[in-house]
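Undergrad: missing the sequence, but the structure's below:
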């Protein structure tokens, strides 16, 4: 009886051992599959992280470029405003000079006309004086 119980216990133990080995093998295979999936997912996530870091770096560079561009545009705008101010000032000064030159030209034309009138009157006066002198000499 004892030997039979021992035999039965041994068979149950071997059966349990075989079941345990089978479960252990299945668990090991499942764990290996999960490990492969984990590694694959980890690699995929690492690639995504690297891509995000590149995108973030690019965005940072673009932001810096935009800031520099906006700063340059502000500077160019200030320079343009300054140039417009100088242009308006120079235009005004030139207009004043043009107006002065026009007045000078009118004055010179009037002066020329007056000179011609004076010369004509002088010639007439000289002629009259000469005629009067000749007439007086004749008398």
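TA: Cool, got the structure. If you're wondering where the values come from, they're calculated on a predicted model, not measured in any experiment.

Undergrad: Can you show me the strands along this protein?
TA: Remark: strands of the chain are absent; assignment by DSSP state E.

Undergrad: All the helices of it, residue numbers only.
TA: For the chain, helices defined by DSSP state H occupy the ranges 2-138.

Undergrad: Nearest the middle, which residue of it would you pick?
TA: Closest residue to the average C-alpha location of the chain: residue 69 at 2.8 Å, with C-alpha atoms, centre = their mean.

Undergrad: What distance do you get for that residue to residue 81?
TA: 18 Å (C-beta to C-beta, to the nearest Å). C-beta coordinates here come from the backbone N, C-alpha and C atoms, glycine included.

Undergrad: Residue 92: neighbouring residues, count only.
TA: Counted with other C-beta atoms under 10 Å, residues neighbouring residue 92 total 10.

Undergrad: again with residue 24
TA: Residue 24 is flanked by 10 other residues according to other C-beta under 10 Å.

Undergrad: Please tell me how far residue 20 sits from residue 40.
TA: Separation of residue 20 from residue 40 (C-beta to C-beta): 30 Å.

Undergrad: Residue 78 too?
TA: Residue 78 is 57 Å from residue 40, where distance means C-beta to C-beta.
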